[in-house]
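In: Provide a 3D model corresponding to the input given below.
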Amino acid sequence: WYAEPARVFDDLFFLGQTVFSVWGLRTSDGIILVDSIFDYSVEDEVIGGLKKLGIDPKEIRYVIISHAHADHSGGAGILQQHGARIVMSEVDWKLYEAGNDKIKAKRDIVATDGMAIKLGDATVRVHLTPGHTHGTLSTVLPVNDNGKAHTAVLWGGTLFNFRDRPDDPRDARLKVYAESAARFREVARATNADILLSNHTAYDGTTVKLPALASRKAGQPHPYVIGADAVQRYFRVAEECAVAARMAAKQ
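Out: Purely as a prediction, here's the structure:
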């Protein structure tokens, strides 16, 4: 499977690579992106991808960075040069600033828990969900399918990619991860979220759903609309996996 830019909802499009996702929400006053992939690929996949979709990249206003790993934050500096404002948590701004990106974004918007990013006719909210990194952000996005309103939630960091260190014990990270998943599950419940998105194509089924979307006939269900119950189960599983990993380590 090879990723191509695609319009997924009336106002949401996929931009990214085979494994790494960028999501773009188009509002009446410009575009909000979630993530920026790598510095070497952002021009082709994001800037070029928008052009392939017939959208002017100058419309990009904000880029929300889910977490400061290079596969998600590497292109932030380049997008900032194109005029976008960059959003990261305080903790992950520090992680990002300690990195070695060739073109580094200057510190811009510092996200707080539940912060609203309003642009035109849309309001996106970011929530602090530490675990994958200490400052991971997860996002709530309003989208429309043929004029029908839906709510998408994007979990900002999935894997338990951290090692046990004296200054950063794995057990504490897993505990925080489980708490974040439980808290964001409640955010998803309160917003009646029925769409789950990820910044990696494998975790939200994008590798299967985009091809299914391309062959979708009028009146058929949207492959990304999985329902509120399924979204709730996803975060319950995320929480329980972190709890189980803690238990296994202690045994």
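
In: show me where the stretch 151-251 of the chain has helices.
Out: Ranges of helices within the stretch 151-251 of the chain are 170-190, 206-214, 228-250, based on DSSP state H, counting those that start in this stretch.

In: can you state the direction angle for the first one and helix 228-250?
Out: Translated: helix 170-190. 170 degrees (axes from the mean of the first three to the mean of the last three C-alpha atoms, to 10 degrees).

In: which parts of helix 170-190 are buried?
Out: Neighbour counts using 16 or more other C-beta atoms under 10 Å place 173-174, 176-178, 180-185, 187-188 of helix 170-190 among the buried residues. (Each C-beta comes from the backbone N, C-alpha and C, glycine too.)

In: ok, which stretches of this protein are strands?
Out: For the chain, the strands defined by DSSP state E cover 6-7, 12-16, 21-27, 30-34, 60-64, 85-89, 109-111, 115-119, 122-128, 137-145, 148-155, 195-198.

In: okay if I get these as JSON lines plus distance to residue 102?
Out: Formatted as JSON lines, the strands of the chain follow (distance: least, C-beta to C-beta, whole Å):
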{"stretch": "strand 6-7", "distance to residue 102": "29"}
{"stretch": "strand 12-16", "distance to residue 102": "20"}
{"stretch": "strand 21-27", "distance to residue 102": "19"}
{"stretch": "strand 30-34", "distance to residue 102": "20"}
{"stretch": "strand 60-64", "distance to residue 102": "17"}
{"stretch": "strand 85-89", "distance to residue 102": "16"}
{"stretch": "strand 109-111", "distance to residue 102": "22"}
{"stretch": "strand 115-119", "distance to residue 102": "27"}
{"stretch": "strand 122-128", "distance to residue 102": "26"}
{"stretch": "strand 137-145", "distance to residue 102": "23"}
{"stretch": "strand 148-155", "distance to residue 102": "27"}
{"stretch": "strand 195-198", "distance to residue 102": "26"}
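
In: nearest to residue 211, of those?
Out: strand 6-7 (9.7 Å; C-beta to C-beta).

In: ok, and what's touching that closest one?
Out: With C-beta atoms under 8 Å, 6 or more residues apart in numbering as the test, strand 6-7 has contacts from 13, 14, 53, 210, 213, 214.

In: give me the mean pLDDT for that strand.
Out: The average pLDDT within strand 6-7 is 98.

In: gap between that strand and the chain center?
Out: Its chain's C-alpha centre and that of strand 6-7 lie 16 Å apart, by C-alpha atoms, centre = their mean, to the nearest Å.

In: rewinding a little: from the buried residues of helix 170-190, which two are the most distant?
Out: Longest span within the buried residues of helix 170-190, C-beta to C-beta: 173 and 188, 22.0 Å.

In: now the strands of the chain in a markdown table, with mean neighbour count and distance to residue 44?
Out: Formatted as a markdown table, the strands of the chain follow (neighbours: other C-beta atoms under 10 Å; distance: least, C-beta to C-beta, whole Å):
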| stretch | mean neighbour count | distance to residue 44 |
| --- | --- | --- |
| strand 6-7 | 17 | 15 |
| strand 12-16 | 25 | 10 |
| strand 21-27 | 25 | 12 |
| strand 30-34 | 25 | 15 |
| strand 60-64 | 24 | 15 |
| strand 85-89 | 24 | 20 |
| strand 109-111 | 17 | 26 |
| strand 115-119 | 15 | 25 |
| strand 122-128 | 20 | 25 |
| strand 137-145 | 23 | 24 |
| strand 148-155 | 20 | 22 |
| strand 195-198 | 23 | 21 |
